[in-house]
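*Asks:* the sequence and its predicted three-dimensional model are supplied below.
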Amino acid sequence: MLKVLKYSFYDLGRSRWSYIYFCFYLALGFVLLFLNNDLSKAIITLMNVIIVLVPLIGTIFGVMYYYNSVEFTELLLAQPIKRRNIFLGQYLGISISLSLSLLLGIGIPFMIYGLLKSAAIFDFFLLLLTGAFLTFIFVALAFNISLRNENKIKGFGYAVLLWLFLAVIYDGIFLMSLMVFEDYPLDKFSLIGTLLNPIDLSRTLILLKLDISALMGYTGAVFKNFFGTSSGMIISIVSLFLWIIFPVFAFVLKARTKDF
Amino acid sequence: MAFLFVFQNAEAKTIDVCKECNSTTIQKGIDKSSAGDTIRIASGIYYEHNILIDKPITVVGIDMPTVDGEEQGGIFSISADGVSLIGLKVINVGVSFTSDFAAVYLSRCSDFTLKNLVLEDLFFGFLIEKSSNGLVEGNKIIGEAKDEYNSGNGIHLWYSNNIKIYNNHIEGVRDGIYLEFADTIDVKRNVSKNNLRYGLHFMFSNNDEYSENIFQNNGAGVAVMFSKHIRMYKNEFRDNWGTASFGLLLKEINDLEVIDNTFSNNTIAISVEGANRVNYRSNTFSSNGWAIKVRGACYSNRFQANEFLNNSFDLSYNSRINDNLFEGNYWSQYSGYDLDRDGVGDVPYRPVKLFSYIVNRTPEAIVLLRSLFIDIIDFSEKVSPVFTPDELKDEKPLMKPL
Amino acid sequence: MIKVEGVKKQFNKNPVLIGLDVEIKEGDVVAILGPNGSGKTTLIKSILGMVVPDSGIITVKGESNRKDSSYRNQIDYLPQIANFPANLKVAELLKMINDIRGGSVREKELIATFGIEPFLNKKLSKLSGGTKQKVNIVLAFMFDSPILILDEPTTGLDPLALIKLKVLIEEEKAKGKTILITSHIMSFVEEVANRIIFLLEGKTYFNGSLEEIKSQTKQADLEHAIATFLEKEYA
């Protein structure tokens, strides 16, 4: 697996898309810091951007990489390597390289603007952690889509739809159902609704950091327990891990029986 | 007046209280004294309660002697003018559901001084009724209040006026400082924190000023109700978290000045209900859940030159009518531009978001804060306001913090 | 050496293999022939584990090929369409496969034989079809494994390269290797193979030696023998 990872990584290292992604974040970081000159405000803006953009890029990039590397995959399949390792290796290769682009892309401008001496450093790490989680989750989802669809166009279509659903439509439905059932106690429902969408889940991590004062204004005990103690952070991180593990498991399972 | 003072001084004597002295208890010392005398209490523990001070004397502790009331009732009771109580540690006040036992109780006194006292394990700390012209300074009041019904207030003023409350540290009581029918009170540089209910509580009190105080982690910071002409300068309101928790509550208030205060990390920084002619100027609101939550009718309030930094909601409004002025504030969520480079944004800022309405209606929706979907509906509301007051906007938002 | 028993496979409800039984013994040089869509490549990919049969068992040296991937160490494979990762250079590809698999014995020699040196530093996406096929051949022959599977090895080769390929196959035959070939060039098959498996509509239609197929169809060469089969079937 490590060898596959190494070569996927190597392959991505030469793909211009990795650099475009890296440069995009580099530019975003510099522009935000130039406009604000305030680390913590720039971090908040970045969080909003990352939560939406990282999933989009993760899915599109994941699907694109899969279709572009079918030849590589077939070459590897004839070699004495387990299928699981081939796909896990490629998956890790792309996830790690995307995470690195994110890390370096926004890390460099923030370092230059004095991140290490700033109190916002914890928020910044939370931001990177969330970005990395979302990358791993959405690349895994992308692999699931592309392994199940030979047709590239269809695969891209589903990828965009998936992103649109989780980033926007889900929250719309979520809000509607909250408003329709507002006469009922909803605090459990709203927390479960949050756990079921990885984008909402990462948003929660950020809310815990930035909006805890507002969250504590709500009366529900379950809510209070979730947001008011460290359990919110722990449950969110565990759920994010599950959101990686299940899709990875699903695509490994699919890859076992797929024909090439 | 000066003559009287000198005259009294000439007659004054000092009475010592200690285990080996003629007076072995504070009460005996007081009984032996006459007006103008000083009673010196040596260090040690004195188990006494209901100590009555009924003449103008000065009671001074040397090296902080302890007066232990053994939870029998109130400890000092002052009923004369011109009494000073200085440098004592007063502990174990009795708790009662029928009487308001206090570490120090004053009734109908004027010209009193309560200074450098440490009050612990108390019910009420200073209970001051119908008194005037006093100084309460440098005291430390540490309670362990757990429930509102069987706890008292740190400094409690009732029908009193012209009193200075300076540099006190109050924590763990019901209300840190409570003012009812108390006029021209000056509350300065106090710290009031970890109290069950309010850090400072005003009821029916007018013409008071409080400044440079810190109110932290109380059930709620400061409540000002049914009062007029209050001035609040340079106070800090921090970490007041919880359902219906706020830094400052204004309810049925007229003519207030709220200037140069800092509100940070409160669930609601300022909660306003029926407040008119309030000037909010040069305050900083940072990282609050709601910077300002307006309920009910509020008229002719002015919000100018304030900084709103990273609050979840800058302003929440539950009506469509607006008669208040927002001008020249800095809003960190403002995303406009300044083409003419005069430091003022060229497009107005609308501090009320549609989402704050939704959260008012369906509180659970708060979990959707900062979601893209919410940004989209907020944006469309911004473009064409339907639910939020159309004219509620800051026409001159600042581009940079002050 | 390789045993295929009752293998069935359908793609999107199109049956491709319907109960295929094939046995290939050590030292056999088998040509798998059949019209387009008869399941040749599916059979090869099934042996390689790239296609998962719906039912049936395939064993390589007595071990089921579903259990584990190490049996592929015994197989050198030349795929039909040489698709390579586009971003890699030829030298890198060779290095990578070598790294993953280990133990190439004649890489340099093969590079020289097929004249690939000038292309070593070119990206695979920039190569012509013939050159790609030469790289493909180098990759397949550079390891010395007991089983060799060649899917359309002659595609795109110039006559000189074709001769060199035949020489290579002869050498491997001499070493006693088991070789599986598919090809549309019957003369090539006739030259190298000693057994023919003819697939038709997902089944083994014929399995026997070159001589047997010729005598059975009463034809002088393989091309006509196969044509006879097809005529008989579709007439």
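*Replies:* Noted; the coordinates are in hand.
*Asks:* which residues touch B:Gly221?
*Replies:* Taking C-beta atoms under 8 Å, 6 or more residues apart in numbering or on different chains, we find B:Gly221 in contact with B:198-200, B:215, B:237, B:240, B:246-249, B:266. Glycine gets a C-beta too; all of them are placed from N, C-alpha and C.
*Asks:* and these, which two are the farthest apart?
*Replies:* Within the contacts of B:Gly221, B:Leu200 and B:Asn266 form the most distant pair, 14.3 Å apart (C-beta to C-beta).
*Asks:* the more surrounded of those two?
*Replies:* More crowded of B:Leu200 and B:Asn266, by other C-beta atoms under 10 Å in any protein chain shown: B:Asn266, with 35 against 31.
*Asks:* was I right to think the more buried one contacts B:Gly289?
*Replies:* Yes - applying C-beta atoms under 8 Å as the test, B:Asn266 and B:Gly289 come out as touching, 7.0 Å apart.
*Asks:* where do the contact lists of the two overlap?
*Replies:* Common neighbours of B:Asn266 and B:Gly289, counting by C-beta under 8 Å, 6+ apart, are A:Ser213.
*Asks:* tell me, what residue is most central in chain B?
*Replies:* B:Leu200 (2.5 Å; C-alpha atoms, centre = their mean).
*Asks:* where does that one land in three-state SS?
*Replies:* strand (DSSP: H, G, I helix; E, B strand; the rest coil).
*Asks:* thought B:Lys188 was touching it, still the case?
*Replies:* No - using C-beta under 8 Å, B:Leu200 and B:Lys188 do not qualify as a contacting pair, with a distance of 11.7 Å.
*Asks:* which residue does chain A have closest to chain B?
*Replies:* A:Ala214 (2.9 Å; C-beta to the nearest C-beta).
*Asks:* these two touch, right, that residue and B:Ala291?
*Replies:* No - if you go by C-beta under 8 Å, A:Ala214 and B:Ala291 don't touch, sitting 10.4 Å apart.
*Asks:* for these two, indicate the residue with more neighbours.
*Replies:* Just comparing A:Ala214 and B:Ala291: by other C-beta under 10 Å the higher neighbour count belongs to B:Ala291, 30 against 25.
*Asks:* pLDDT wise, what is that one at?
*Replies:* B:Ala291 is assigned 93 on the pLDDT scale.
*Asks:* return the distance of it relative to B:Asn261.
*Replies:* Distance of B:Ala291 to B:Asn261, given as C-beta to C-beta, to the nearest Å: 12 Å.
*Asks:* doesn't C:Pro118 lie inside a helix?
*Replies:* Yes - assessed by three-state DSSP, C:Pro118 belongs to a helix.
*Asks:* give me the neighbour count for it.
*Replies:* Number of residues near C:Pro118 (other C-beta under 10 Å) recorded here: 9.
*Asks:* cool, C:Gly102 as well?
*Replies:* Neighbourhood size, C:Gly102 [other C-beta under 10 Å]: 10.
*Asks:* what do you get for the one 10 residues further on?
*Replies:* C:Ala112 has 11 neighbouring residues, counting by other C-beta under 10 Å.
*Asks:* before we move on, what about C:Gly27?
*Replies:* 14.
*Asks:* can you classify it by secondary structure?
*Replies:* Using three-state DSSP, the structure places C:Gly27 in coil.
*Asks:* now it, nearest residue through space, not along the chain?
*Replies:* Among residues not flanking C:Gly27 along the chain, C:Gly176 sits closest, at 5.0 Å (C-beta to C-beta, 6 or more residues apart in numbering or on different chains).
*Asks:* ok, now B:Ile142?
*Replies:* Computed as C-beta to C-beta, 6+ apart, the closest residue to B:Ile142 that is not its neighbour in sequence is B:Glu120, at 5.1 Å.
*Asks:* for the chain, give me the ranges with low pLDDT.
*Replies:* In the absence of a named chain, this looks at chain A. In the predicted model of chain A, residues A:37, A:219 satisfy pLDDT under 70.
*Asks:* think we crossed wires, I meant chain C
*Replies:* Using pLDDT under 70, chain C drops low at C:82, C:235.
*Asks:* check contacts around whichever residue of it sits closest to chain B.
*Replies:* Minimum separation of chain C from chain B (C-beta to the nearest C-beta) falls at C:Asn87, amounting to 34.0 Å. Residues near C:Asn87 by C-beta under 8 Å, 6+ apart: A:11, A:14-15, C:123, C:125.
*Asks:* let me have those in a markdown table, extended by neighbour count.
*Replies:* Output for the contacts of C:Asn87, formatted as a markdown table (neighbours: other C-beta atoms under 10 Å in any protein chain shown):
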| residue | neighbour count |
| --- | --- |
| A:Asp11 | 24 |
| A:Arg14 | 15 |
| A:Ser15 | 19 |
| C:Lys123 | 17 |
| C:Ser125 | 11 |
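*Asks:* format these as CSV; extra columns: secondary structure and distance to chain B.
*Replies:* Converted to CSV, the contacts of C:Asn87 look like this (DSSP: H, G, I helix; E, B strand; the rest coil; distance: C-beta to the nearest C-beta, whole Å):
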residue, secondary structure, distance to chain B
A:Asp11, helix, 32
A:Arg14, coil, 33
A:Ser15, coil, 28
C:Lys123, strand, 40
C:Ser125, helix, 38
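*Asks:* helix, strand or coil for B:Leu392?
*Replies:* Three-state call for B:Leu392 (three-state DSSP): coil.
*Asks:* ok, it - contacts?
*Replies:* Contacts for B:Leu392 were tallied using C-beta under 8 Å, 6+ apart; they are B:315, B:317, B:322, B:324, B:326, B:350-352.
*Asks:* mind checking how far it is from B:Leu398?
*Replies:* 18 Å.
*Asks:* A:Leu141 too?
*Replies:* Separation of A:Leu141 from B:Leu398 (C-beta to C-beta): 43 Å.
*Asks:* these two: who's more crowded?
*Replies:* Higher neighbour count among A:Leu141 and B:Leu398: A:Leu141, with 28 against 20, using other C-beta under 10 Å.
*Asks:* looks like that one contacts A:Thr59 (just checking).
*Replies:* Yes - here A:Leu141 reaches A:Thr59: they are 6.2 Å apart, a contact under C-beta under 8 Å.
*Asks:* between those two, which contacts overlap?
*Replies:* Joint contacts of A:Leu141 and A:Thr59 (C-beta under 8 Å, 6+ apart) are A:Leu162.
*Asks:* near chain C, which residues of the stretch 1-150 of chain A?
*Replies:* A:3-4, A:7, A:11, A:14-15, A:68-72, A:74-83 (C-beta under 8 Å from any C-beta of the partner chain).
*Asks:* now do 7 Å
*Replies:* A:3, A:7, A:11, A:14-15, A:69, A:71-72, A:74-75, A:77-82 (C-beta under 7 Å from any C-beta of the partner chain).
*Asks:* just these: which are in helices?
*Replies:* Judged by DSSP state H, those include A:3, A:7, A:11, A:71-72, A:74-75, A:77 as members of helices.
*Asks:* tell me which residue in the stretch 251-400 of chain B sits closest to chain C.
*Replies:* Minimum separation of the stretch 251-400 of chain B from chain C (C-beta to the nearest C-beta) falls at B:Leu372, amounting to 34.0 Å.
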